[in-house]
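Visitor: make a model of this:
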Amino acid sequence: MRKILMTCLLMIISLVSYADNQAVDALMQQLSAFHSITANFKQTVMGSDKTVLQQVSGQMAIVKPGQFRWEVKQPTQQLIVTQADQVWIYDPDLEQVIIQSMKKSVGQTPMLLLTNPEAYLTKQFTVQKVDLKNALDTFELIPNQDEAFSKLILSFKQGVITQMILFNQLDQTTQVDFSDVKMNTDIDTKLFKINVPKGTDVVRQ
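Guide: Predicted coordinates:
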C-alpha cells in the first residue's frame, strides 16, 4: 500500500511539474513573439475595497534585451528609463532622479520583466496558465522570493499583451491596460536616454 501511495504521489508531482513547464513554455512563446513593443497605457491602483486610489496614463516602449521606457504623462509627469544595468526614475516636479540597479528595480517595476524574460521570468517566478474563458491567454506569476507584489497576472489576446495586474501585500491591486500596441517596429535608441536638467537632485540607491 505504501508503495502504491508513493507511486501515486510521484505521478501527481510529475503532472504538476509538466503543467508548470507547459505554462512557462506557453508564456515564453508569447513573449518571444516580439523584440520591440510600444503602447499606450492606463494604470489604475485600487484599494482592497476596489476604491480607485490613483490613475495615471502615458506611453511605454521596450527593446530587448534590457531597454525600457515608461513615461507617465497624466495627471503628473514621471519618466522611468533603463540605461545599461541601471534604472533611472526622473520626477520633474520634484526635480529629482533616483538611480537603482536593474535587479533591485525588477521587484518594484514588474514591466521590466518583459525586457529580458529569459533572465527574470523563468528563474524568479512560478508560472501557471489561468483559464478565464474570456478569449485571452492569461498567466499567473508568483514570485519565488519576497517582492513588492505577491502575484502578477499577464494577459494576451492573439499574441498581443493587453493587461497586467499586480497584487501587493496590502491587498491593493494595480491594473495596467494597454492600447495601440505595436510590435517589432524600429525604435530610435535615443528614446532610452535621459538628459537630466542641471540642478536636479540625484539619489543613488
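
Visitor: for beta bridges, what are the partners of the closest residue to residue 202 other than its chain neighbours?
Guide: Closest residue to residue 202 apart from its sequence neighbours, by C-beta to C-beta, 6 or more residues apart in numbering: residue 97 at 5.5 Å. Bear in mind the C-beta positions are built from the backbone N, C-alpha and C, glycine included. Beta bridges link residue 97 to residue 90, residue 202, judged by DSSP bridges.

Visitor: next, work out how far apart residue 97 and residue 81 are.
Guide: 10 Å (C-beta to C-beta, to the nearest Å).

Visitor: overlap in contacts of the two?
Guide: Both residue 97 and residue 81 are contacted by 88, 90, 194, under the criterion C-beta atoms under 8 Å, 6 or more residues apart in numbering.

Visitor: how about the secondary structure of residue 26?
Guide: Following DSSP: H, G, I helix; E, B strand; the rest coil, the label given to residue 26 is helix.

Visitor: now the residue lying closest to it once chain neighbours are set aside: which helix or strand?
Guide: Residue nearest to residue 26 in three dimensions, not counting chain neighbours: residue 129, with 5.9 Å by C-beta to C-beta, 6+ apart. Here residue 129, judged by DSSP states H and E, is contained in strand 125-130.

Visitor: and what of residue 59?
Guide: Going by DSSP H and E, residue 59 is in strand 52-63.

Visitor: mean confidence for stretch 125-135?
Guide: Average pLDDT, stretch 125-135: 78.

Visitor: okay, buried residues for it please.
Guide: Under the neighbour-count criterion of 16 or more other C-beta atoms under 10 Å, stretch 125-135 has 125, 127, 128, 129 buried.
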